[in-house]
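[1] can you look at this prediction? I've put the sequence above it.
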Amino acid sequence: MSHHYSGPNFGFPKADARLDLTDLYAFPKPGDPEKSILIVNVHPSATLIGSEVTTVEPFAPDALYEVMIDTNGDAVVDISYRVSVSPSSQGVQIATVRRIEAEATAESGDRERIVIMGAPVSTGRHAQITTAGDYRLFAGWRSEPFFFDTLGAVDNLNFTGADFFADKNVCSIVLEMPNSALGSMSVGLWARVLDKQGEGWVQVERGARPQQAVFLPGDERESYLAGQPADDGRFISTFAHALEHTGGYAPDEAEAVARTLLPDILAYDPTRPASFPKNGRTLTDDAADTFIAILTNGRLKGDGVGPHADLLPDFPYLAPPHYAAE
């Protein structure tokens, strides 16, 4: 899995599928190099064990979904785009996108402005798209773009080439913006999910690079998911230990590789072609093969699964869901 099922025992954070961050993508808009596409996917449509269907409601109204942007290379957020979604009313949710400047918090309105409001969330096959100035937003159910032999992975990496996600759906937040809105032309990105608890907010999920949050932190997974990239140095030894165990790395090699994986940030420069892991991530990049090769120290080159064929050439780029939730 990518970042799917990052809760205890391959479950969901707080046992709520709507809080499960699955993937982050960033790439220049096809046909318009002055704009970028950021995609945050959450809420897998099915559980891992037993494949039970999760809740129909796409997003948690008591959650915040955020893309964090580091503009100066210090692994600290400078700009974020925060998506909140209303409670469901007769099966309809409404999304709002806010742009938050550095140091503003979920409890504070400082340096905050709404860039999109009143955006309907899609629950069926029709993509409801909201345009506001230079921004466009899609939020709702889509066909899952991630591809991976997940059951082979949990079976001690015994891959069969069966794509677990081929018939699955996911809830997507697709945001189109001008490159200038990123704050600089070379940025670091990560996504996170905050859950409302009492009068405040608690970070229950975060990630950028695929898969490592599921396979590497071990007993420190909750601390890792609740942490910030600037503090990721404290997880180097944990990552190194997992790499030694799974990949047979020597201790010094394992530590060196762990340092290349942390801080957990996705580098992105919109002036260059996107290609994971060096620059952003497209919907067809085989991030799973990249990680599996690192995890196993080259013993395995991949899982034998390739990109999905139902991707769209235009916004929102992800295909309609395999079944309508409405």
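    It's in.
[2] so which residues of this structure form helices?
    In the chain, the helices defined using DSSP state H lie at 150-154, 212-215, 221-225, 236-247, 251-261, 287-295.
[3] got the contact list for the longest one?
    So that's helix 236-247. Outside helix 236-247, the residues within contact range by Cβ atoms under 8 Å, 6 or more residues apart in numbering are 212, 215-218, 220, 224, 249-251, 254-255, 257-259, 261-262, 294-297, 299. In this view, the C-beta of every residue, glycine as well, is placed from N, C-alpha and C.
[4] quick one: that helix to helix 287-295, angle?
    Calculated by axes from the mean of the first three to the mean of the last three Cα atoms, to 10 degrees, helix 236-247 forms an angle of 90 degrees with helix 287-295.
[5] ok and helix 236-247 relative to helix 251-261, angle-wise?
    Going by the same axes, to 10 degrees, helix 236-247 makes 110 degrees with helix 251-261.
[6] returning to what we had before: buried ones among the contacts of helix 236-247?
    For the contacts of helix 236-247, a burial check counting by 16 or more other Cβ atoms under 10 Å picks out 212, 215-217, 224, 249, 254-255, 257-258, 261-262, 294-297.
[7] least confident of the residues you listed?
    Lowest pLDDT within these is found at residue 215 (87).
[8] give me the nearest residue to that residue, chain neighbours excluded.
    Among residues not flanking residue 215 along the chain, residue 295 sits closest, at 6.2 Å (Cβ to Cβ, 6 or more residues apart in numbering).
[9] tell me the contacts of that neighbour?
    By Cβ under 8 Å, 6+ apart, the contact set of residue 295 is 211, 215-216, 243, 246-247.
[10] widest-spaced pair of the buried ones among the contacts of helix 236-247?
    224 and 297 (21.7 Å; Cβ to Cβ).
[11] low-scoring stretches of the stretch 1-150 of the chain, by residue?
    1-3, 5, 8, 49-53, 103-110 (pLDDT under 70).
[12] er, the stretch 151-300 of the chain I mean
    If you take pLDDT under 70 as the line, the stretch 151-300 of the chain has no such spans.
[13] run through the strands of it in chain order.
    169-178, 187-197, 200-207, 266-268 (DSSP state E, counting those that start in this stretch).
[14] could you give the angle of the first one to strand 187-197?
    What separates the directions of strand 169-178 and strand 187-197 is an angle of 130 degrees, with the same axes, to 10 degrees.
[15] within its sheet, name the partner strands of strand 169-178 and how each one runs.
    Next to strand 169-178 in the sheet, as set by DSSP bridges, lie strand 32-42 (antiparallel), strand 135-143 (antiparallel).
[16] with adjacent residues omitted, what lies nearest to the residue of the chain most remote from its centre?
    Largest separation from the mean C-alpha position in the chain: residue 250, at 30.8 Å (Cα atoms, centre = their mean). Nearest residue to residue 250 in three dimensions, chain neighbours excluded: residue 244, at 7.6 Å (Cβ to Cβ, 6+ apart).
[17] what's the burial count for that neighbour?
    For residue 244, the count of nearby residues is 18 (other Cβ atoms under 10 Å).
[18] that one and residue 215, how far apart?
    13 Å (Cβ to Cβ, to the nearest Å).
[19] with residue 303 instead?
    13 Å.
[20] just give me the closest of the buried ones among the contacts of helix 236-247 to residue 202.
    residue 224 (14.5 Å).
[21] from what I see, that closest one and residue 235 are in contact.
    Yes - applying Cβ atoms under 8 Å as the test, residue 224 and residue 235 come out as touching, 5.8 Å apart.
[22] quickly list what's touching both of these two.
    residue 217.
[23] residue contacts, residue 133?
    residue 115.
[24] and among the strands paired with strand 169-178, the most buried is which?
    strand 135-143 (a mean of 25; mean count of other Cβ atoms under 10 Å).
[25] what lies in contact with it?
    41, 45, 58-59, 83, 85, 95, 97, 115-116, 119, 121-124, 127-130, 168-177, 181, 308, 310, 315-316, 318-322, 325.
[26] narrow those to those in strands?
    41, 83, 85, 95, 97, 115-116, 119, 129-130, 169-177 (DSSP state E).
[27] select only the buried ones of these in ChimeraX?
    Command for ChimeraX, covering only those of the ones in strands among the contacts of strand 135-143 found buried under the criterion 16+ other Cβ under 10 Å:
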select :41,83,85,95,97,115,116,119,129,130,169,170,171,172,173,174,175,176,177
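[28] ok, residue 116 to residue 215 distance?
    Taken as Cβ to Cβ, the span from residue 116 to residue 215 is 35 Å.
[29] pretty sure residue 291 contacts residue 216?
    No - with contact defined as Cβ under 8 Å, residue 291 and residue 216 do not form a contacting pair (9.5 Å).
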